[in-house]
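Engineer: Predicted model and sequence follow; I will ask about them next.
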Amino acid sequence: MKGQNQWRMIVQRIVRSEMSLRGVKYQGLSDKLAEIGVTQTADNLRNKVNKGILGADLLLQILYVLKARPLSVEMMAEIIAASDAD
């Protein structure tokens, strides 16, 4: 695994896959975050996720409102392996 960009790609893929599994678009994610007192526009979320640059607090808040699957080292290793194969 090389560099910061691959870690950002992992963040991007995890968030996108959790959104996809639940059929949540960025506006829906924005609405869910608002329910717990977090203000993020859909466009702002889209930009942050596409760049893979989220603060730890926002990443945890997103995973919480999406009721995401548990993160594991194995899940991250699979994403890394898939990106290395590309």
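Structural biologist: It's in.
Engineer: Contacts for the top helix by length along the chain, please.
Structural biologist: The helix that spans the most residues within the chain, counting by DSSP state H, is helix 3-22. By Cβ atoms under 8 Å, 6 or more residues apart in numbering, the residues outside helix 3-22 that reach it are 25-26, 29, 49-54, 59, 62-63, 66-69, 71, 75-76, 79-80, 83. Bear in mind the C-beta positions are built from the backbone N, C-alpha and C, glycine included.
Engineer: how about residue 65, what does it touch?
Structural biologist: 29, 32-33, 35-36.
Engineer: Now the helix or strand encompassing residue 30: buried residues?
Structural biologist: Remark: residue 30 resides in helix 26-35, with elements defined by DSSP states H and E. Judged by neighbour count using 16 or more other Cβ atoms under 10 Å, the buried positions of helix 26-35 are 26, 29-30, 32-33.
Engineer: How about stretch 3-12?
Structural biologist: 8-12.
Engineer: Could you do stretch 45-64 as well?
Structural biologist: Using 16+ other Cβ under 10 Å as the burial criterion, the residues of stretch 45-64 that qualify are 45-46, 48-49, 52, 54, 58-59, 61-63.
Engineer: distance between the ends of it?
Structural biologist: As for stretch 45-64, its first-to-last residue distance stands at 15 Å under the measure Cα to Cα, to the nearest Å.
Engineer: Packing partners of the helix or strand hosting residue 84?
Structural biologist: Using DSSP H and E, residue 84 falls within helix 73-85. On a contact count with 3 or more Cβ pairs under 8 Å, 6 or more residues apart in numbering; DSSP states H and E, helix 73-85 meets helix 3-22.
Engineer: Just want the angle from the helix it packs on to helix 26-35.
Structural biologist: Between the axes of helix 3-22 and helix 26-35, defined by axes from the mean of the first three to the mean of the last three Cα atoms, to 10 degrees, the angle is 90 degrees.
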